[in-house]
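Engineer: just a sequence and a predicted model for now, questions to come.
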Amino acid sequence: MSKIDEAVFAEDAASYVPVFQRYQIVLDHGKGAYLWDVDGKSYLDFLGGIAVNVLGHDDPELVWAVTEQAHKMIHCSNLYYTQAQADAAARLVELSGLGKAFFGNSGAEANEGAIKIARKWATRQNPNKVKIITARMSFHGRTYATLTATGQPHYQEGLGPVPGGFTYVDFNDIDELARTIDDETCAVMLETIQGEGGVFTPAGDYLKKVRALCDQHHALLILDEIQAGIGRSGTFFAYENYGIKPDIVTLAKGLAGGVPIGAFVVTDEVAQAFGPGDHGTTFGGNPLACAAANVVLRRVPEPAFLQHVRTVGAYFKTGLEKLQQKYPQLIRDVRGQGLILGAELTIPGRDIVNAALAQGVIINCTVGKVLRFIPPLIITEEQVDEVLKVLDEVLSKY
Ligand SMILES: *Cc1c(COP(=O)(O)O)cnc(C)c1O
């Protein structure tokens with residue numbers, strides 16, 4: 001630990017609300033899939049700022065777009081039009097095949113807006129149509145509505161009363177959903193691929209059956225692709241893998257490559273539920289964030305870019321499966337799709353993460369025992385090999 005580290009740790013301990021269990025490094029700058037700390041040590045970044053830095057660090061085109069837009073105008077107000085915002089919304093509509101987009105500043109805000117517009121749409125038909133069904137082990141954010149949507153009780157502890165009308169079912173259990181959904185259900189809200197809950201993909205035709213149940217009960221299907229969207233699964237939207245379309249999709253994390261942004265995209269029919277004054281934001285969709293988003297929205301949907309995600313993702317997953325064969329007593333399961341991959345351990349993951357960090361590899365662990373890999377989408381097979389080699393070394397000590 002250097003003098004700079006010690007000073008920053010002390011300053012943080014004295015001044016920052018202690019909600020983050022941080023790793024003991026102070027990061028300074030990055031390039032591509034690498035980060036450097038203040039003491040000049042390099043790290044291969046297989047977390048990507050939690051699925052945010054999709055183009056890696058210091059991407060020339062992204063940096064240029066942000067720099068140029070900052071010179072022109074960082075912010076105006078949603079009382080006026082900007083080219084950057086209109087372009088970003090048009091592109092999201094084009095890519096999704098849905099009707100209208102709205103921009104906020106984060107994932108939670110995107111989901112909050114989606115929940116609001118769903119309730120507005122549903123209660124116009126029937127004032128009791130307010131029930132929102134979400135999945136256990138889901139994660140939807142930390143505002144009051146989204147932490148209530150989040151199907152993990154510990155996120156709600158000590159924070160009540162929380163908003164009413166939320167009910168939970170097991171992800172991938174279509175029978176439980178069939179028993180729970182009814183004509184007073186406003187929406188079913190799911191992550192297309194569960195991220196924080198431990199990397200769970202929808203099994204078989206689960207999402208098709210969810211879609212059918214929603215249609216049968218005239219309920220909206222809201223898919224939270226804040227983590228799994230923006231090319232991460234190997235298609236631009238993760239739902240494209242499962243042959244369905246939601247009524248509302250929410251995005252954030254990778255959408256502007258690291259500049260804060262969130263979005264919900266809805267069908268034209270649902271969009272009509274909101275009129276002037278029904279929703280709003282000061283910062284959301286400002287030209288700086290949208291200029292960054294427009295770079296991501298041009299580059300990531302390119303067929304060659306998505307093909308790269310599928311190829312390197314499959315290569316990585318095969319490597320993790322080989323590690324599982326080598327260490328069956330340590331790795332219980334390998335799962336995921338594209339570049340959202342998980343390795344479920346039989347032991348706590350934090351020590352593994354710390355050991356990898358000491359060897360210059362940044363990875364992450366969720367729900368205590370699932371190593372989760374959500375790297376920049378530009379990683380190479382050589383970088384995958386490097387991470388697999390470090391994991392092998394770390395696991396061999398157990
Ligand atoms: C990260 C995340 C959120 C919350 O996003 P914030 O930007 O932290 O508010 C919501 N849903 C999913 C699936 C996420 O991964």
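Structural biologist: All right, it came through fine.
Engineer: from here on, contacts and neighbour counts on C-alpha atoms
Structural biologist: OK.
Engineer: can you verify my assumption that Y239 contacts T201?
Structural biologist: No: counting by Cα atoms under 8 Å, Y239 stays clear of T201, with 10.7 Å between them.
Engineer: now do the shared contacts for the two.
Structural biologist: T192 (Cα atoms under 8 Å, 6 or more residues apart in numbering).
Engineer: quick one: secondary structure of the most centrally placed residue in the chain?
Structural biologist: Among the residues of the chain, Q227 comes closest to the average C-alpha position under Cα atoms, centre = their mean, at 1.5 Å. Under DSSP: H, G, I helix; E, B strand; the rest coil, the three-state class of Q227 is coil.
Engineer: what does the chain put close to the ligand?
Structural biologist: Contact residues, the chain versus the ligand (Cα under 6 Å from any ligand atom): 106-108, 139-141, 191, 195, 224-227.
Engineer: so which of these sit within strands?
Structural biologist: 191, 224 (DSSP state E).
Engineer: could I get the residues of the chain next to the ligand in JSON lines, plus columns for pLDDT?
Structural biologist: Listed next are the residues of the chain next to the ligand as JSON lines, based on pLDDT from 0 to 100:
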{"residue": "S106", "pLDDT": "98"}
{"residue": "G107", "pLDDT": "98"}
{"residue": "A108", "pLDDT": "98"}
{"residue": "F139", "pLDDT": "98"}
{"residue": "H140", "pLDDT": "98"}
{"residue": "G141", "pLDDT": "98"}
{"residue": "E191", "pLDDT": "98"}
{"residue": "G195", "pLDDT": "98"}
{"residue": "D224", "pLDDT": "98"}
{"residue": "E225", "pLDDT": "98"}
{"residue": "I226", "pLDDT": "98"}
{"residue": "Q227", "pLDDT": "98"}
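Engineer: tell me where the protein has helices.
Structural biologist: Secondary structure of the chain by DSSP state H: the helices cover 3-15, 48-51, 60-72, 83-96, 107-125, 144-149, 174-180, 206-216, 268-271, 287-299, 303-326, 350-358, 381-396.
Engineer: what's near enough to touch the residue of the stretch 201-350 of the chain found nearest the ligand?
Structural biologist: Closest residue of the stretch 201-350 of the chain to the ligand, Cα to the nearest ligand atom: Q227 (4.2 Å). By Cα under 8 Å, 6+ apart, the residues touching Q227 are 51, 195, 251-254.
Engineer: so L47 touches I379, yeah?
Structural biologist: No: with contact defined as Cα under 8 Å, L47 does not reach I379; the gap is 11.2 Å.
Engineer: in terms of packing, which of those two has more residues around it?
Structural biologist: Using other Cα atoms under 10 Å as the criterion, L47 and I379 rank with I379 on top: 23 against 20.
Engineer: so the more buried one versus the ligand, what's the distance?
Structural biologist: 20 Å (Cα to the nearest ligand atom, to the nearest Å).
Engineer: and T148, by the same measure?
Structural biologist: T148 is 12 Å from the ligand, by Cα to the nearest ligand atom.
Engineer: for that residue, which non-adjacent residue is closest in space?
Structural biologist: V162 (6.4 Å; Cα to Cα, 6 or more residues apart in numbering).
Engineer: from V384, how far out is that neighbour?
Structural biologist: 42 Å (Cα to Cα, to the nearest Å).
Engineer: neighbour-wise, which of the two wins?
Structural biologist: Using other Cα under 10 Å, the more surrounded residue of V162 and V384 is V384, with 20 against 16.
Engineer: quick one: the closest residue to the more buried one other than its chain neighbours from A273, how far?
Structural biologist: Once flanking residues are discounted, V384 sits nearest to F316: 6.1 Å by Cα to Cα, 6+ apart. To A273, F316 is 44 Å away according to Cα to Cα.
Engineer: which of these two has more neighbours?
Structural biologist: F316 (23 against 17).
Engineer: so for that one, what's the pLDDT?
Structural biologist: The confidence metric pLDDT takes the value 98 at F316.
Engineer: quick one: it from K3, how far?
Structural biologist: 37 Å.
Engineer: before we move on, what about L297?
Structural biologist: 41 Å.
Engineer: the more surrounded of those two?
Structural biologist: It is L297, of L297 and K3, that has more neighbours when counted by other Cα under 10 Å, with 24 against 9.
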